[in-house]
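Asker: sequence first, predicted coordinates after that:
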Number of protein chains: 2
Amino acid sequence: MFESAELGHKIDKAAYKKAVPQLRADLLDAQYDLKEQGRIPVIVLVSGQDGAGKGETINILYEWMDPRYLSTLAFAAPTDEERLRPYMWRYWRALPPKGRVGIFAGSWYSSPIHDRIDGGMTQVQMDQRIDQINRFEQMLVNEGALILKFWFHLTKEGQKRRLKALEKDPRTAWRVTKWNWDRLKTYDQLQEVAGHVLRLTNSPWAPWIIIEGEDERYRSLTTGKIILDSIRDRLADAGKQATPVAPPIPPNINGRDVISGLDLTKKLAKKEYEAQLAKWQGRLSELVRDPRFRQRSLICVFEGADAAGKGGAIRRIAAAMDARDYQIVPTAAPTEEERAQPYLWRFWRHIPRTGRATIFDRSWYGRVLVERVEGFCAEADWLRAYSEINDFEHEQVQAGAVVVKFWLQISKEEQLRRFKEREKIEFKRFKITDEDWRNREKWDAYHRAVCDMVDRTSTGMAPWTLVEANDKNHARVKILRTLCERLAAALEAPIPAAGFPPAGKTKDLKKKGKK
Amino acid sequence: MFESAELGHKIDKAAYKKAVPQLRADLLDAQYDLKEQGRIPVIVLVSGQDGAGKGETINILYEWMDPRYLSTLAFAAPTDEERLRPYMWRYWRALPPKGRVGIFAGSWYSSPIHDRIDGGMTQVQMDQRIDQINRFEQMLVNEGALILKFWFHLTKEGQKRRLKALEKDPRTAWRVTKWNWDRLKTYDQLQEVAGHVLRLTNSPWAPWIIIEGEDERYRSLTTGKIILDSIRDRLADAGKQATPVAPPIPPNINGRDVISGLDLTKKLAKKEYEAQLAKWQGRLSELVRDPRFRQRSLICVFEGADAAGKGGAIRRIAAAMDARDYQIVPTAAPTEEERAQPYLWRFWRHIPRTGRATIFDRSWYGRVLVERVEGFCAEADWLRAYSEINDFEHEQVQAGAVVVKFWLQISKEEQLRRFKEREKIEFKRFKITDEDWRNREKWDAYHRAVCDMVDRTSTGMAPWTLVEANDKNHARVKILRTLCERLAAALEAPIPAAGFPPAGKTKDLKKKGKK
């Protein structure tokens, strides 16, 4: 893996001086085109051996490129806001928007590699994380990102020489600490762990670029050229998807499906409803105040046809909780900043910290419902969304979240009745728009999309609950009861340990390096 | 202050039932108009006595209004990301965008009031905070916000009755804890402190609304009606500024000013430059690695005419620092999400945590430079910006930041020479745009704006450094030296204590309430 980066690559001063002006001009042009086109975020990971020139490379990129469209993201010990959310949350929030270049000084690779060397992570945990990273990067590339993963390599002797040289120069001496010299002792270990990680994450959509770090001119010029060529290539064919799409969905040939099987005549009389409502609301308020819930979080998803009663059900849940503990997030059209990011980014923003709940009124399932039916996104995009959504929910569950998803089903006749009723009642009138009437015409297409959604995303850790919603009383009680049961079961279960280690136990790699 | 809220207000069931449907319809209409107009953010503070119906009021608003355009912001103990930044940062990040309603369950008033009662805050500190709050709210209103500050009041006897009633109902019993009963003991103290705070923050632009909390129907109906009427009023005259603008700027009648007085012939020969550069870069790298800097942060502002050399100077600073420790923020056109917020919001987003630096390439001073000169904002808006900016920088300094501001001055001839040079050099070509040539034509207007800016915003805690920048060597060394001197002096000085108390010492009001 590292052989080609141990050949003693060098560039002489004259050749370097000759090459740089053109490279700078081209990089600026490429950056400018990137910004103009506004479709591709460029993610540059800078990793490798200590002393191999990671910091210097970043500095030279700042010199050569336009710093207005560059950002550098550094990751020290996670803050508590990060620690209280899934592992990848901190990286999601740092992603550069389309048209910009984000340099990651440290990345999703740093802590697995260091934790593996320090013994804080088993081989199995490591390989799970690697799998997660591969899927994450694949999703980014499918969303249009260009990922450039640089690994700056040094031989053991080369590292020794570099550390000595850095130490000699008064301007760089501070970079070399006891911590760095200690790393030299673990050189072989790092090589072994990094070799394993690099091999397993050397995917066709985001391959590693290994660069020999000893000669500054060679390193800088090579990095610059690779960035330039990669951006140019992607600008030329930004539309191409990096991976094959999911297999097509089999047709429904006998008319039987999960939605048609629902018994929409289910009812609950008023008196029974009120008793049950009070019972389950009381239970819910107990559960979210359970001390064990402070290690958990709750993510509720509400999907359903227009007028299916999502809002009313959400209010019944909210009424049992403290307004300070939940957030209702209505899924509206994405903002400009959201459009400049991968699809799931706007939902990651609202992921609750532990001890809190987020209730999504419509959600990421818009991709496989409205966007599929209305043709707002390409088939390839909604087809891959199923597994991306499963990954997304899996990450939440791994970090301790309880993910509860409701599909509220009403009949076409009931919807019509409710639309007409809404038009009559003054304070409900605004809820009916022309769009609602238009959506109604696509009833069958939505029906199909819902069945496919349930088939493909109802997983053991995040199952769909299909709610017969022609009778609001029945629907609300079923929702509250399901929510309570799922929560109660989760509080009894052990907390998944895939998030960050508890505060205090994480070593602050950065601070260590500074002592 | 509280007299009118001790009259035993009540609404009977029939009157309530009759009034609610119309109120709901009107509230929804108002909310819809608000959203359509997209100019006014509505900030609703919900505060008052325990048991006075704060939570219930929020719930009823969720029932009456469209939750898609409502959000509730709760503030427990600050997270470490908040703790490492100025006090108001957490509230800035929670502000609702224009067109939406944000309900603050707890606000910038909560911790001063509680800290004052607990003895953690002196009267003087409290009054400083009150002054800061008044200026903050004034700024919000001038930026178009509607602020509704509700205080739900109970008499001591009323509070006792309410707590008992809540305790009796199984669905609300959990809300009443020992903590609440303890609060009853401090009723008089709270009344005294709250009375003081309410009186001093009862400003014409954001007056308090005191509502008797005992009768649920009276409380809900009154709150709903006030919200409705206030939104309607503001929709009708959203353009009106709430406060008189700053006095106009006196004309310059003898031609002498701070910029004309600069000696632009100052120079530094290459050899001396290189020695000085290395010296001050080394010094800077020491200073930011000083353990005392971990309690501080650095905010650098670069302003200057086009081609004045801001980028080059910034790179010389960056080269002396670790890329993980600083962020360069170029000030570009605001995004959609930024345009939906008060002017300073997009800079608050980038405020560094302690131990970090942010370098702003152009900054909030755009308001009083380009926006003033080009007429991008109303005179009243840029006139009030001076004191808003001073407040903003003051808050940073109070939280431990070192704010260093550079104005780079070049002559008109030097600018022309640089423009022409840039057009010749391939990799600098992109830097010259038609806009640069247009800006040049307004040289004198900018000159005037710069003088006024320096006069009005060069403060003791955040002075401007005017840099003679015709010679880049001189400019860069002066900038680095100034930066080092300011940093060194700050590290010697005691840390201002106006931020959050250290972690662990802050009482988590919320958690306490839940035990």
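Answerer: That came through, no problem.
Asker: partner residues bridging the residue of the stretch 1-150 of chain A found nearest chain B?
Answerer: Using CB to the nearest CB, the closest approach of the stretch 1-150 of chain A to chain B is made by residue A:74 at 3.0 Å. Where C-beta positions appear, they are placed from N, C-alpha and C, glycine not excepted. Beta bridges link residue A:74 to residue A:105, judged by DSSP bridges.
Asker: show me what contacts it?
Answerer: Residue A:74 makes contacts with A:105, A:106, A:510, B:323, B:324, B:325, as judged by CB atoms under 8 Å, 6 or more residues apart in numbering or on different chains.
Asker: do that again at 10 Å, thanks
Answerer: A:58, A:94, A:103-106, A:510, B:322-327, B:356 (CB atoms under 10 Å, 6 or more residues apart in numbering or on different chains).
Asker: with residue A:359 instead?
Answerer: A:298-302, A:310, A:313-315, A:317-318, A:321, A:326-330, A:350, A:352, A:404, B:67.
Asker: my guess is residue A:122 meets residue A:128, correct?
Answerer: Yes. Using CB atoms under 10 Å, residue A:122 is in contact with residue A:128, at 9.4 Å.
Asker: neighbour count for the two, which is higher?
Answerer: residue A:128 (15 against 11; other CB atoms under 10 Å in any protein chain shown).
Asker: and that one, helix, strand or coil?
Answerer: helix (DSSP: H, G, I helix; E, B strand; the rest coil).
Asker: the one 4 residues further on too?
Answerer: Classification of residue A:132 by three-state DSSP places it in helix.
Asker: related to what we said a few turns ago, are any of the contacts of residue A:359 buried, and which?
Answerer: Buried members of the contacts of residue A:359, scored by 16 or more other CB atoms under 10 Å in any protein chain shown, are A:298-302, A:310, A:313-315, A:317-318, A:321, A:326-330, A:352, A:404, B:67.
Asker: among those, which are located in helices?
Answerer: Within the buried ones among the contacts of residue A:359, residues falling in helices by DSSP state H are A:310, A:313, A:314, A:315, A:317, A:318.
Asker: just those residues that are near chain B?
Answerer: For chain B, the contacts drawn from those by CB under 10 Å from any CB of the partner chain are A:314, A:315, A:318.
Asker: so the nearest residue to the first one once chain neighbours are set aside, which of the three states?
Answerer: Nearest-residue entry for residue A:314: residue A:359, 5.6 Å, with adjacent residues in sequence omitted and distances by CB to CB, 6 or more residues apart in numbering or on different chains. Secondary structure assignment for residue A:359 (three-state DSSP): strand.
Asker: partner residues bridging residue A:359?
Answerer: Here residue A:359, judged by DSSP bridges, has bridge partners residue A:300, residue A:328.
Asker: just the pLDDT for it.
Answerer: pLDDT recorded at residue A:359 is 96.
Asker: quick check: it vs residue A:425, distance?
Answerer: Per CB to CB, to the nearest Å, residue A:359 is found 24 Å from residue A:425.
Asker: also residue A:223?
Answerer: On the measure of CB to CB, residue A:223 and residue A:425 end up 65 Å apart.
Asker: please apply the same query to residue A:489.
Answerer: 39 Å.
Asker: tell me which element residue A:260 falls in.
Answerer: Secondary structure assignment for residue A:260, by DSSP states H and E: no helix or strand.
Asker: tell me how many other residues crowd it.
Answerer: So residue A:260, with other CB under 10 Å, has 11 neighbours.
Asker: next: residue A:169.
Answerer: 12.
Asker: residue A:107 versus that one, what's the distance?
Answerer: Relative to residue A:107, and taking CB to CB, residue A:169 is found at 28 Å.
Asker: got a list of what whichever residue of the stretch 201-350 of chain A sits closest to chain B touches?
Answerer: Relative to chain B, the nearest point of the stretch 201-350 of chain A is residue A:324 (3.0 Å; CB to the nearest CB). Going by CB under 10 Å, 6+ apart, residue A:324 touches A:356, B:54-55, B:58, B:72-76, B:105-106, B:510, B:513.
Asker: residue A:45 contacts residue A:75, correct?
Answerer: No. Counting by CB under 10 Å, no contact exists between residue A:45 and residue A:75, whose distance comes to 11.3 Å.
Asker: between these two, which one's more packed in?
Answerer: residue A:45 (23 against 19).
Asker: what bridges to the more buried one?
Answerer: residue A:104, residue A:149.
Asker: show the pLDDT at it.
Answerer: On the pLDDT scale, residue A:45 gets 96.
Asker: would you mind measuring from it to residue A:262?
Answerer: 48 Å.
Asker: what's the overlap in contacts for residue A:45 and residue A:75?
Answerer: A:104, A:105, A:106, A:107, A:108, A:110.
Asker: spatially, which two of the residues you listed are the most separated?
Answerer: Using CB to CB, the pair of these lying farthest apart is A:105 and A:108, separated by 12.7 Å.
Asker: which of the two has more neighbours?
Answerer: Neighbours around residue A:105 and residue A:108, counted as other CB under 10 Å, are more numerous at residue A:105. The numbers are 22 against 19.
Asker: pretty sure the more buried one contacts residue A:55?
Answerer: Yes. With contact defined as CB under 10 Å, residue A:105 reaches residue A:55; the gap is 7.6 Å.
Asker: got the domain boundaries for chain A?
Answerer: Following automatic domain parsing, one finds the domains of chain A at A:3-237, A:270-492.
Asker: which of those sits closest to residue B:276?
Answerer: domain A:3-237 (13.0 Å).
Asker: the closest one: how far from the chain's middle?
Answerer: Centre-to-centre, domain A:3-237 and its host chain are 20 Å apart (CA atoms, centre = their mean, to the nearest Å).
Asker: between the two ends of that domain, how far is it?
Answerer: 31 Å (CA to CA, to the nearest Å).
Asker: quick one, phi/psi of residue A:43?
Answerer: Main-chain torsions, residue A:43, degrees, to the nearest 10: phi -110, psi 110.
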